[in-house]
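# Mind looking at a prediction? Sequence and model below.
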Amino acid sequence: MAYEYILTASEDGIGIITLNRPKILNALNLQLVDELVAELERMDRDPDIRAIILTGNDKAFAAGADINEMAEASAIEIMKRDQFAVWDRMSLISKPIIGAVSGFVLGGGCELMMNCDIVIASETAVIGQPEIKLGVMPGAGGTQRLTRAVGLRKAMEMLLTGEPISAKEALRYGLVNRVVPVEAYFQEARKLAKQIAAQPPLAVQMIKKAVHKADDLPLGEGMDYERNGFYLLLASEDRKEGMQAFLEKRKPRFTGK
Ligand code: CO8
């Protein structure tokens, strides 16, 4: 499919999506988000792709929603657009999404990063929710996912001041997984994606789903969900292969069946 605002590639079981509006710091207009979600869904269906990397460029992962696009729109127009419905589809992607972020990760950019399952950040990343400075507030999960990720007090400070935090501080708060020099963040994400792509795909997807349930469900229900996933995976061919390979002291070959 031809896209205008994203680039796509695939290699060795991983799909790579690059946000591509570099002149305006990958500001997220409606079309870009539509393209991004369409490609995530396509990669989710592609049996040759087992993990997805989402990235921008060294200067900006994304500096937020496109302010030009929303500056003139009325509240009713924006409500009728229902633009966050497409964002909600991102959380239905079953394959793991690894964010490789650098530079500005602001507003909708931070919300997009928080939609990723694992995040590798460059040392230059500055991460925040500056919506308050524009007279609004986050609309795609900024108050909810940030609070779950960093805790109430830190989220309050970030959201009420609009000031970003450094990659190192984000690491301390568990908002990103690793911080590496800017020359290395993409390679690090690629290495990790390949490692995950070599795992049994059904188990990968079941684990992703179960971990996200920990945000939504009370503990008892989450435990039930986990246990049913465990039983289901016992019926997979990859389970037979994984255990047989262990007993035969060889590397397993997982097929996703
Ligand atoms: N939207 C549109 N254009 C942008 C955006 C943006 N979010 N961010 C940067 N740009 C453009 C600039 O206008 C500039 O364009 P031009 O060269 O044509 O003047 C170009 O990118 C480069 O930017 P700067 O010259 O400003 O670069 P600096 O290095 O000086 O500053 C900053 C970088 C600090 C990132 C600065 O650009 C900035 O503050 N950007 C805005 C950040 C922001 O406020 N993001 C939040 C947006 S709101 C949001 O994401 C959620 C809204 C939820 C409600 C949605 C309702 C529809």
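Cool, got the structure. Residues are numbered from 1 along each chain as shown.
# these two touch, right, residue 70 and residue 83?
No - the pair residue 70 / residue 83 is not scored as a contact, 9.1 Å apart, by Cβ atoms under 8 Å. C-betas here are computed from N, CA, C, even on glycine.
# higher neighbour count, those two?
Using other Cβ atoms under 10 Å, the more surrounded residue of residue 70 and residue 83 is residue 83, with 20 against 17.
# give the contact list for that one.
Residue 83 is in contact with 30, 33, counting by Cβ atoms under 8 Å, 6 or more residues apart in numbering.
# Over to residue 95?
Counting by Cβ under 8 Å, 6+ apart, residue 95 has contacts 43-44, 49-52, 201, 204-205, 208.
# Check residue 86 too.
By Cβ under 8 Å, 6+ apart, the contact list for residue 86 reads 33-34, 37.
# host element of it?
helix 84-90 (DSSP states H and E).
# tell me the mean pLDDT for that helix?
In this model, helix 84-90 has a mean pLDDT of 94.
# just how off-centre is it within its chain?
With Cα atoms, centre = their mean, to the nearest Å as the basis, helix 84-90 stands 13 Å off its chain's centre.
# hmm, that helix in reach of the ligand?
No - using Cβ under 6 Å from any ligand atom, helix 84-90 stays clear of the ligand, coming no nearer than 8.1 Å.
# Give me the buried positions along that helix.
Using 16 or more other Cβ atoms under 10 Å as the test for burial, helix 84-90 gives 86-87, 90.
# next one: stretch 118-130
118-122, 124-130.
# Kindly report the same for stretch 87-107.
Within stretch 87-107, the residues scored as buried using 16+ other Cβ under 10 Å are 87, 90, 93, 95-107.
# Also stretch 19-26?
Across stretch 19-26, burial judged by 16+ other Cβ under 10 Å covers 19-21, 25-26.
# what's the farthest-apart pair in those?
The two members of the buried residues of stretch 19-26 with the most space between them (Cβ to Cβ) are 20 and 25, at 11.6 Å.
# Contact partners for the residue nearest in space to the middle of the chain?
Nearest residue to the geometric centre of the chain (Cα atoms, centre = their mean): residue 116, 1.3 Å. By Cβ under 8 Å, 6+ apart, the contact set of residue 116 is 54, 97-99.
# mind checking the SS state of it?
Residue 116 carries the three-state label coil when classified by DSSP: H, G, I helix; E, B strand; the rest coil.
# any idea how far residue 22 is from it?
Here the criterion is Cβ to Cβ, to the nearest Å. By it, residue 116 lies 20 Å from residue 22.
# Okay, residue 237 and residue 49: tell me how far apart.
Counting by Cβ to Cβ, the gap from residue 237 to residue 49 is 20 Å.
# the more surrounded of the two?
Between residue 237 and residue 49, counted using other Cβ under 10 Å, the more crowded position is residue 49 (20 against 13).
# ok, now how distant is the spatially closest residue to residue 129 that is not a sequence neighbour from residue 192?
Leaving aside its sequence neighbours, residue 129 sits nearest to residue 142 (Cβ to Cβ, 6 or more residues apart in numbering; 4.5 Å). Separation of residue 142 from residue 192 (Cβ to Cβ): 25 Å.
# can you check residue 42 too?
As for residue 42, its distance to residue 192 is 22 Å (criterion: Cβ to Cβ).
# The two - which one has more neighbours?
residue 192 (20 against 14).
# Could you grab the helix/strand/coil label for that one?
helix.
# Pretty sure it sits against residue 117.
No - counting by Cβ under 8 Å, residue 117 is not a contact partner of residue 192; they are 10.6 Å apart.
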